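K.L.:
sequence plus the predicted model coming up.
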Amino acid sequence: MTAELRPNLIDSTEYDYDLAVIGGGPGGYVSAICGVRKGLRTVLIERDALGGTCLNRGCIPTKSFHYDTRLFRSAALTPVIRGREYLTLDVNQMVERKASVVNTLVSGLTALVNSRGVEVVQGEGVLESPGRIRVKRPDGSVVAVKVKHIILATGSKPYVPPFIGIDGKLVQTTDEILDDPGFPNKIAIIGGGVIGMEMAAIFLNAGTEVTLIEMLPDILASEDKDIREEMKRQLELRKAGIFLNATVKDLSIQNSQAKVTFQTKGDGNLKTTLADKVLVATGRAPVLNGIDISSLGLETDGPFIKVNRRLETNLPGVYAIGDLIGGIMLAHKASAEAETAVENILGADKGIDSHLIPRCIWGLLEIGAVGMSEEEAVQAGREIKTGRFPYAMNGAAHAMGHVEGLVKVVGDAGTGEILGVHILGAHATDLISEAVSVMAMEGAVEDLYAAIKPHPTLSEGVMEAAMDWNRLGIHTPKR
Amino acid sequence: MATEVVIPMLGITVEKGQIVEWLKDEGDAVEKGESIFVVEADKVTTEVESPASGVLAKILLPAGEPVPVLSVVAIITEPGETLAPQYTTSPKPKTEEAVVETSPQDAPAGLKPPAIGSESETIRIVPAARKLALEKGVDLANVSPTGPEGVITFRDIESASDSRPPQAGEAGTKASTLARRKAEAAGVSLEGIEGTGIRGRIMRGDVDQALRREGPEMQATPSAADVDTNFGRIILMDGMRKTIARRLSSSAFTAPHVTFYADIHMDPLLSYRESILDAFQDRYGLRPSINDFLIKAVALTIREFPLLNGAIQEDEIHILPNINVGLAVALADGLVVPAITDADNNGLLEIVRQRSDLVERALKGRLTMAEMERGTFTISSLAQYEITFFTSILNPPQSGILSVGKTRDELALVDGEVKVRHIASMGLAVDHRIIDGVVAAEFMRDLKKKLETPAFTFLHT
């Protein structure tokens, strides 16, 4: 995946490239492809493998585990397969399959990027100043590049509170656990956000006892209340221990077990839980290797790089996208920002409407959500109506055996503007796309049921929830 | 051959007209040039002449319904000719279903196409549908006609503009649902709004932008009921306001205006008027106002300064043959300027007659287009207000406008004695491109002289 750099043109006024992108994740590689497509001479600098966290340590590996463990549980529970009491999960095979999936996708991506004419350089990109990047190659050599525009897309890594030591065995982050899940008897997960939820589902489905410790008053704090409540109910049905308002005070190893000490807000008592493994899922921090904030004078927003609406940093010609700038830390957000940043480099004046970035979570049930929760809409002073449709009233959901979940539509009572759509249940992550498209096209709630939906599918649920918003539902009891 | 009768273009900015009265009935014989109906637009009524001789075979639009200009409202056939089937065979008696209006391309030569959008091909549409399309901001190019021979019906526009999202098979809408609803709520047309969405789709932000551009309303005469909602709302400009806005800004930004003030000693004119007032009224039943004397004096002065009766047309100055002095008349929601014809030749009586008739009809909104467009010079008087002097913007293509302030008391030294004099300040604004300062100054000097020596000025009138 390497290409030879052009010779370093010292003291030349010529730029070696129009665009240099540091980081080859879903933000960086999309930037590079967009740059080339727009006719920019583009170089993509990646120190590791293309695909970033998403492909190598995040979205894709966790989904591989998610579907494996879900298959295991489905098979173990279904009454229509015999001999299921003998089923066991082959962890090695799981890890191997995951590695194979990742390999396939990384090599596919590498081929794709090359076929687009992007020059890929292996090494760590160091931003020296606007227009100047130094690349530390794996062989120790250093090459300087002069570029007109720079996009920083170095991504993020797990954030670990300072008092917690990651040993990679008993105490892990997602970086380690995806190579060594182990599936012990009991796991304690610190953090009830997206990552905590997804890992809890994987471990619960694999048969591990799960204890969740969340600092905030609720899991998945940014999601709609109905969705949170139902997700919590599902976790409780599966006997997961959930501690909310709980701050971890100490983590120690005792007799090859980890002891987590935490304090809950209500009673203020210190509690402890013993686990065979601890997953620290307390958020993610920006990767700043090669970006010396203080010497460059880069402005930050908390730990993240600060950008304006156009995604440009305070350094002229230096843009930053993706996890590096915080916000919703999802691959598709980074990719969308990549396109926007390239267009802005070419003179556009665009921003990203964060309201329209879908949020997808693969928990015990899938969550697909976009826009405002009911509470947010009310807080924003909107006059709203909501519509909902339970999976239990959907024929396809019964045929699949996935009757848990609901679709909820939040819309402006006057204009019909779709303010938020929240789906919990099977295939929610796919189903949300329809809502995102309609919202992006500025459709109203009525547009969600204007077209004919195929039967029997889960997509009918979105239609019915939208109809229920207007009290026009067909497959809901009169209300 | 059948001739279609249309509502004529009633002025550059007039988009709609409403038939007030049909002067002929179906079946009547009509002569070319004979008035056949009265149309009203922007508070102006005018009689419309028949475009052909023959029989008024069919009236397609009854009185009372506003329709876009160039809408076909009647068919005239030659004697003995049978009416074409599209006008007669419509199964439904409703006008909107039966009437067919043709596209601008089919309109009589010499008429400009109406400014209603982007039809580039022949579009046949019933007038009521065209009206609705205008109101709802429906682009006719996007409407699938369901009427006979591809005629767009009222219902087609209803479907296209319905707040219900587009159904499968319907022509693609060029505005998002939210943009359409925003426009409907604000009462603005989507027509003319530039879409920034994919393939030119009009998005809500585009409507917001258009609303911001239209900016703070120019109108400020709230009725009592409006008080609660007077702020934070959007007022649509009506035709008259649009005309005023366009003409005044065009004038202000085209013609370099210079204003020349003079103080007029009004006592002689006031006494002169007083001295003839009763006799005049007894004899003619009319009361001459100060304005009438002003109109006459201005017209007589213009006679000596023909450039003040001039109009710029490209590189030429056209000195107009008649001196028609317009008088600005304020209405509840705007302003009109009807003009007195031949004010230099007509006697004072005729001026009083014309002026009182024009003002009365102006207040009732019964002026004709011709009466408002024939002025060659304008007088604008705020003498009834506490305005000492003011400037006016020229009424294009005129080259002069006189602003008349209130008559005030001033102390003057007359033969060593301090006396009270009635003084009015008047300002002559001219188009400095063609009127030099000296010409304007001389005009004002002569006008002042005429007004201060009324007995001589109005000697022959």
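P.N.:
Thanks, I have it. Numbers count the residues shown, from 1 in each chain, chains lettered A, B, ... in the order given.
K.L.:
what about whichever residue of the stretch 301-450 of chain B sits closest to chain A, neighbour count?
P.N.:
Chain A sits closest to B:Asp333 of the stretch 301-450 of chain B, with a gap of 29.8 Å, by Cβ to the nearest Cβ. All C-beta atoms are positioned from the backbone trio N, CA, C, and that covers glycine. The burial count assigned to B:Asp333 is 12, neighbours taken as other Cβ atoms under 10 Å in any protein chain shown.
K.L.:
please apply the same query to the one 3 residues further on.
P.N.:
Burial of B:Val336 is recorded as 25 neighbouring residues (other Cβ under 10 Å).
K.L.:
again with B:Leu307
P.N.:
With other Cβ under 10 Å as criterion, B:Leu307 counts 18.
K.L.:
re earlier: relative to A:Gly27, how far out is the residue of the stretch 301-450 of chain B closest to chain A?
P.N.:
The gap separating B:Asp333 from A:Gly27 is 57 Å, by Cβ to Cβ, to the nearest Å.
K.L.:
next one, pLDDT for residue 86 please.
P.N.:
If you meant another chain, say so; for now it's chain A. pLDDT recorded at A:Tyr86 is 91.
K.L.:
look at chain B instead
P.N.:
For B:Gln86, the pLDDT comes out at 62.
K.L.:
ditto for A:Lys265
P.N.:
For A:Lys265, the pLDDT comes out at 88.
K.L.:
can you read off the pLDDT for residue 321?
P.N.:
All of this refers to chain A. Reported pLDDT for A:Ile321: 98.
K.L.:
meant chain B, my bad for not saying
P.N.:
Confidence at B:Pro321, expressed as pLDDT, is 93.
K.L.:
go on, B:Gly150?
P.N.:
B:Gly150 is assigned a predicted lDDT (pLDDT) of 72.
K.L.:
and if you look at B:Glu40?
P.N.:
Reported pLDDT for B:Glu40: 79.
K.L.:
what helix or strand is it on?
P.N.:
Take DSSP states H and E as the rule and B:Glu40 turns out to sit in strand B:35-41.
K.L.:
and that strand, how far out from the chain middle?
P.N.:
15 Å (Cα atoms, centre = their mean, to the nearest Å).
K.L.:
list of residues touching that strand?
P.N.:
B:5, B:7-8, B:10-11, B:14, B:16-24, B:30, B:45-50, B:56, B:63, B:69, B:73-74, B:239, B:365 (Cβ atoms under 8 Å, 6 or more residues apart in numbering or on different chains).
K.L.:
right, and the helix or strand after the helix or strand harbouring A:Leu109?
P.N.:
Using DSSP H and E, A:Leu109 sits in helix A:91-115. Counting by DSSP H and E, the next helix or strand C-terminal to helix A:91-115 is strand A:119-122.
K.L.:
from the contact counts, what lies against that next one?
P.N.:
Identification of packing neighbours for strand A:119-122 by 3 or more Cβ pairs under 8 Å, 6 or more residues apart in numbering or on different chains; DSSP states H and E yields strand A:42-46, helix A:91-115.
K.L.:
tell me which of those sits most buried.
P.N.:
Greatest average neighbour count among the helices and strands packed on strand A:119-122 goes to strand A:42-46 (a mean of 28), per mean count of other Cβ atoms under 10 Å in any protein chain shown.
K.L.:
what angle separates it from helix A:91-115?
P.N.:
With axes from the mean of the first three to the mean of the last three Cα atoms, to 10 degrees applied, the angle from strand A:42-46 to helix A:91-115 works out at 160 degrees.
K.L.:
strand A:42-46 pairs with which strands, parallel or anti?
P.N.:
Here strand A:42-46 has these sheet partners by DSSP bridges: strand A:17-22 (parallel), strand A:119-122 (parallel).
K.L.:
what's the local residue count around residue 139?
P.N.:
If you meant another chain, say so; for now it's chain A. 7.
K.L.:
hmm, I had chain B in mind actually
P.N.:
Count around B:Asp139 with other Cβ under 10 Å applied: 19.
K.L.:
how close does A:Pro358 sit to A:Ala440?
P.N.:
10 Å.
K.L.:
next, work out how far apart the nearest residue to B:His265 once chain neighbours are set aside and B:Lys296 are.
P.N.:
Excluding the flanking residues, the one nearest B:His265 by Cβ to Cβ, 6 or more residues apart in numbering or on different chains is B:Glu452, at 5.1 Å. Counting by Cβ to Cβ, the gap from B:Glu452 to B:Lys296 is 14 Å.
K.L.:
more neighbours, those two?
P.N.:
B:Lys296 (27 against 16).
K.L.:
which bits of the stretch 351-479 of chain A sit near chain B?
P.N.:
Within the stretch 351-479 of chain A, the positions adjacent to chain B are A:414-417, A:441-444, A:446-447, A:450-452 by Cβ under 8 Å from any Cβ of the partner chain.
K.L.:
repeat that for 6 Å
P.N.:
For the stretch 351-479 of chain A, the residues in contact with chain B (Cβ under 6 Å from any Cβ of the partner chain) are A:415, A:417, A:441-444, A:446-447, A:450.
K.L.:
what's the pLDDT at the residue in chain A positioned nearest to chain B?
P.N.:
The nearest approach of chain A to chain B comes at A:Glu442, 3.2 Å away (Cβ to the nearest Cβ). Looking at A:Glu442, its pLDDT reads 93.
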